[in-house]
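K.L.:
just need the structure, nothing else, for what follows:
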Amino acid sequence: MIRVWGITMNQEDKAAALSHIAASYSRTDDVLDTKLLKPIGKAGSENEPVYYDVVQDTEADAAAAAAADLPLAFAQPRPSQGDTPTDGSSDDGLVRYCPPASYDAREFTMLRLYDMTPRLIKSVMSELDLRHEDFPFRLSVKEQEIVELTQKPNEPKAPLLAMGRSGTGKTTCIVQRLFHQWCQARDEMKHTPDIAKPMRQLFVTASPTLKDQVAKQFRKLQAAVLSPEEMARVAAATAREYHSLSCIPDEAFPLFLSNHQYLRMLDATVRQPFFRNRDPLTCAILDEVDAADQLEIAWDLEAEAEQDSTDAIATGQPVAATRTASGRRRGRRQAHSDNSGAASGAMHELTYALFERLWSRLDSGIVRDDSERGKKGLESHLVFQEIMSYIKGSAEAIDSDAGILSLEEYLSLGAKRAANYNQELRTVVYSLMQSYQRQKAQHRLYDRPDLVHHLHKQLKKDGYQGIAITHICRDEVQDFVQGELLLDLLVLGPQHAGQLFYCGDTAQSIARGVGFR
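P.N.:
Take a look at the predicted model:
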């Protein structure tokens, strides 16, 4: 193996590369992911290379891998001092191989290496600008298995779920798998254009920032493969803003979307959309105002109405007379509220931030000795999670006609699935949910499960009407409720139902209202 650390005519760059080599070499002995290698045959002379293979854990592992037609690559235990001498060799010719470590003292990862392909050599020699282009780097054995994993034609299609802690390479696997599939489809279109079908991949995540970073990383990989003319067409297609999963050019795929975008673009494809006030040409949603402003206007109107009634009682005057002074101001705000909200049919999303503001107005209607309006002992964020993830966001709720579990169905959920509250407190939570629903309807608000239930109902009734999607990837899948994942199956349809790739970590959920299990 020959490693090229740098190609430069600058002496300062050369000195920096040499220091990086020394630092990486000194840190390599501390790498945990080592391999015990055995020679394959003997070298004919001292100048000929010796080829090595990985020593298997057990013969049973090798036999099982061969039977399953899997690559013969296994995680190796770190060899003891009895297995190999400290210099890395043994009497049997075994060699302990340590993957090169990063030279940066602040990092505890492997060194990023690239295969020396003809395309890479040509790009380096032509002074490629790596700020705009990149190449697939060498992955670990486990990462490579995930990236290249395919199902045999006679096997039932099944989604792929990768779980791991932060920093273990989940997002890297998604980007590399997307690129690997895209390259395969590109080769098929080039060599068998008559039978090859376009591949249309979707990447969905809750965070717009993560979405942008993944898209940027993928486009750099694309730029190293496509010609300048092809990349110009990709750049033009991806620069456009799409409001519907219809009429999207193939150059725009893979499509990188936040969950907010995905749900609204999917809504534009159904026969009876949830958001009906859309631009007829672009399908963009019209007349959206901030939900917090809408709620503030409504509460100001309520407060003024209550104050007018109080003043009328105190002065003994008719209520109508006390409203004269504030009528014009309230009328102007009511007009603004009507034009941007109820009168136009527009609705506004209720997030956790607004739920906290509604919390003081929710009343369970259940009198408890230790409660104020029946809520003492309950935390707002946990109640919000019960509503979003179980009462309204569970697969059973989304698949029901009402979009909400009945009290009996909610109480029947197992403690492992919904572990926040016992049976008694669940009854209180359900009553709070009913109060929440009334407040939400009064102020023309909707929550995410309302939108997901509507989409699920429309898709089950009429089927998916947008452009054919062949693959869906979700990163940070722990930030989505069950009902949202059901939509993916309906979008892909039976033909591509197994082309789901989810990555996540149950230990780092950041989305309010999601109880991932």
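
K.L.:
show me the shaky parts of the stretch 151-300 of the chain.
P.N.:
Along the stretch 151-300 of the chain, the parts satisfying pLDDT under 70 run over 151-153, 156, 287-300.

K.L.:
redo that, cut-off 50
P.N.:
For the stretch 151-300 of the chain, no stretch is flagged by pLDDT under 50.

K.L.:
where do the strands sit along it?
P.N.:
Along the stretch 151-300 of the chain, the stretches classed as strands by DSSP state E, counting those that start in this stretch are 160-163, 201-205, 255-258.

K.L.:
and those strands, which is most packed in?
P.N.:
Counting by mean count of other C-beta atoms under 10 Å, strand 201-205 has the highest mean neighbour count of the strands of the stretch 151-300 of the chain, with a mean of 24. Where C-beta positions appear, they are placed from N, C-alpha and C, glycine not excepted.

K.L.:
about what we covered before: how about the strands of the stretch 151-300 of the chain in TSV, adding distance to G169?
P.N.:
Listed next are the strands of the stretch 151-300 of the chain as TSV, based on distance: least, C-beta to C-beta, whole Å:
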stretch	distance to G169
strand 160-163	9
strand 201-205	16
strand 255-258	19
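
K.L.:
among those strands, which comes closest to T506?
P.N.:
When those are compared by C-beta to C-beta, strand 160-163 sits nearest T506, at 7.2 Å.

K.L.:
just the CA atoms of that closest one, as PDB, please.
P.N.:
What follows is strand 160-163, C-alpha atoms only, in PDB (Å, rounded to 0.1, in the frame of the first residue of the first chain):
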ATOM      1  CA  LEU A 160     -32.700  -0.400   6.400                       C
ATOM      2  CA  LEU A 161     -32.400   1.100   9.800                       C
ATOM      3  CA  ALA A 162     -29.000   2.300  11.200                       C
ATOM      4  CA  MET A 163     -28.800   3.300  14.800                       C
END
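
K.L.:
which strands or helices does it pack on?
P.N.:
Packing partners of strand 160-163 (3 or more C-beta pairs under 8 Å, 6 or more residues apart in numbering; DSSP states H and E): strand 500-504.

K.L.:
hmm, who's touching the strand it packs on?
P.N.:
Strand 500-504 is contacted from outside by 159-164, 170-171, 173-174, 177, 471-479, 485, 488-489, 492, 516, using C-beta atoms under 8 Å, 6 or more residues apart in numbering.

K.L.:
go ahead and confirm A162 touches K170.
P.N.:
Yes - with contact defined as C-beta atoms under 8 Å, A162 counts as touching K170 (5.7 Å).

K.L.:
name the nearest residue to L255, ignoring sequence neighbours.
P.N.:
What sits nearest to L255 in space, not counting adjacent residues and going by C-beta to C-beta, 6 or more residues apart in numbering, is L202, at 5.2 Å.

K.L.:
quickly list what the one you found is bridged to.
P.N.:
For L202, the beta-bridge partners are L255, I472 (DSSP bridges).

K.L.:
surely it is in contact with I467?
P.N.:
No - the criterion here is C-beta under 8 Å, and L202 misses it with I467 at 10.4 Å.

K.L.:
and the helices in the stretch 151-300 of the chain?
P.N.:
In the stretch 151-300 of the chain, helices defined by DSSP state H, counting those that start in this stretch lie at 170-191, 208-223, 228-239, 259-267, 291-315, listed in chain order.
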